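1. Here is my input, please return the structure:
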Amino acid sequence: MSANKNLIRHQNIQVVLKELFQKGTSFASDLVKETGISMVTINSLLKDLVSEGMVTKGKLVQREIGRPAIEYCFNYKYSKSLLLALIEVNRQLELRSYHIDLKGTILAAQHQAFSEITPTAFQNLVRQSIEAFADVEQIAVLLPGKISEGVVTSSWYEKFDGWDLDQLFKEITPIPCFYQNDAHLLTVGHCIAKQISLSENIVGIYNPENSMPGITLIFNASLLEGQNALAGEAKYLPGFIDKGAPKSTQELVARLSALVPFYNAAFAPDRFVFASTAAIEEDLLAAITHDPFITKQPNHPVYTFVHDFDQAMILGMHWLLFRNTPYDLSC
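-> Below is the predicted model:
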């Protein structure tokens, strides 16, 4: 019986936290209406949450009806996280570090060049970021590579292939770390930013100007990753596997437009999300519109483009840390 009571209380706390997180502030009576939880329980939960520092008491507010009531405020700075994004800039990688609160607000940021791509050099950069933001409780990592059970299986110019991320992080910090592919997190982050439901079937294609495409497949709010997280790895497709990186923007557009009819037929998505460091939107849409295969296909997806990379990265990494919690921003 005690275990059941604890479980129910935990579930009620999660419901209250979600309401407060989404709205920022609320009154106890409003929480009762919105959650269906009794006033006695709501008051008890709020007392505990205030004691833990997750919620703060605001001012006494005179409402339209009845006596003044205390306004309760969610404390977004109760917990802080570190986001680490390895991004290609002009054929070089840099590590972008973001210190965020629970809402994803950037509290501080720094950029570091990552020219010597070795596990030790990577550990040193990560250690510097952790030392700069010492109060973080968890870490999210965006990496140009597919990752299966903590090991990189396919990556940017094969530079990270075989890296055991679990072991690398375990050697330098006890802080929980979570990592995911850059195309996946950019796609998810863009959808969150534009309030696109992850319950749609989505194909995300991220192709930096001087690199190979990364593919994301989302079905029923879940990533489809396949064996060794290699599902959709476009650089292994016929026509891509022996070509290397595109030499021009025109070649990049031609390659991406060739991918669309394949994934449109194989996956029948509701939406394609494209991201690239090159200015491709106008030319790619024109190529897709006039593609003879796409015009014959019965599936007609929506095409969207990532314009704000920093926002998409941060929201994607926030999702990686907080999906299926009261602080999940996705819809």
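
2. in the stretch 51-200 of the chain, which spans are helices?
-> Listed in chain order, the helices of the stretch 51-200 of the chain (DSSP state H, counting those that start in this stretch) span residues 119-132, 165-170, 182-193.

3. Can you tell me which of those helices is most buried?
-> Comparing the helices of the stretch 51-200 of the chain by mean neighbour count (mean count of other Cβ atoms under 10 Å), helix 182-193 comes out on top with a mean of 27. Where you see a C-beta, it was placed from the backbone N, CA and C, and this is true even at glycine.

4. Remind me what the next helix-or-strand element following that one packs against, helices and strands.
-> Once the chain leaves helix 182-193, the next helix or strand it forms, by DSSP states H and E, is strand 202-206. Counting by 3 or more Cβ pairs under 8 Å, 6 or more residues apart in numbering; DSSP states H and E, the packing neighbours recorded for strand 202-206 are helix 182-193, strand 214-219, helix 249-267, strand 271-275.

5. can you give me how far strand 202-206 is from the chain middle?
-> What separates the centre of strand 202-206 from the centre of its chain is 13 Å, taken as Cα atoms, centre = their mean, to the nearest Å.

6. neighbouring contacts of that strand?
-> Contact partners of strand 202-206, identified using Cβ atoms under 8 Å, 6 or more residues apart in numbering, comprise 182-184, 186-188, 190-191, 196, 213-218, 232, 234, 256, 259, 263-264, 267, 269-276, 301, 306.

7. Likewise for stretch 37-54?
-> Counting contacts by Cβ under 8 Å, 6+ apart, the residues outside stretch 37-54 that touch it are 9, 12-13, 15-17, 28-29, 31-32, 35, 55-57, 72, 74-75, 78.

8. domains of the chain?
-> 1-74, 79-182, 192-308 (the TED database).

9. Mean confidence (pLDDT) on the longest one, please.
-> Domain 192-308 shows an average pLDDT of 93 in the prediction.

10. circling back: just the buried members of the contacts of stretch 37-54?
-> Neighbour-count burial (16 or more other Cβ atoms under 10 Å) applied to the contacts of stretch 37-54 gives 12-13, 15-17, 28, 31-32, 35, 55, 72, 74-75.

11. Same list, the helices of the stretch 51-200 of the chain, but as TSV with distance to Gly244 please.
-> Rendered in TSV, the data for the helices of the stretch 51-200 of the chain read as follows (distance: least, Cβ to Cβ, whole Å):
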stretch	distance to Gly244
helix 119-132	24
helix 165-170	26
helix 182-193	18
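
12. To Phe21, which of those helices lies closest?
-> Ranking those by their distance to Phe21 (criterion: Cβ to Cβ) puts helix 182-193 first, at 14.4 Å.

13. for the closest one, packing partners?
-> So helix 182-193, by 3+ Cβ pairs under 8 Å, 6+ apart, packs with strand 81-89, strand 138-143, strand 202-206, strand 214-219, strand 271-275, helix 309-322.

14. could you redo the last one with a cut-off of 7 Å?
-> Counting contacts by 3 or more Cβ pairs under 7 Å, 6 or more residues apart in numbering; DSSP states H and E, helix 182-193 packs against strand 138-143, strand 202-206, strand 214-219, strand 271-275, helix 309-322.

15. So for Ala134, what's the pLDDT?
-> On the pLDDT scale, Ala134 is placed at 85.

16. highest average neighbour count across the helices and strands packed on strand 202-206?
-> Per-stretch averages of neighbours, counted by mean count of other Cβ under 10 Å, single out helix 182-193 among the helices and strands packed on strand 202-206, with a mean of 27.

17. Now do that helix against strand 214-219: the angle between them, please.
-> With axes from the mean of the first three to the mean of the last three Cα atoms, to 10 degrees defining the directions, helix 182-193 sits at 50 degrees from strand 214-219.

18. Fine by me, we can end here.
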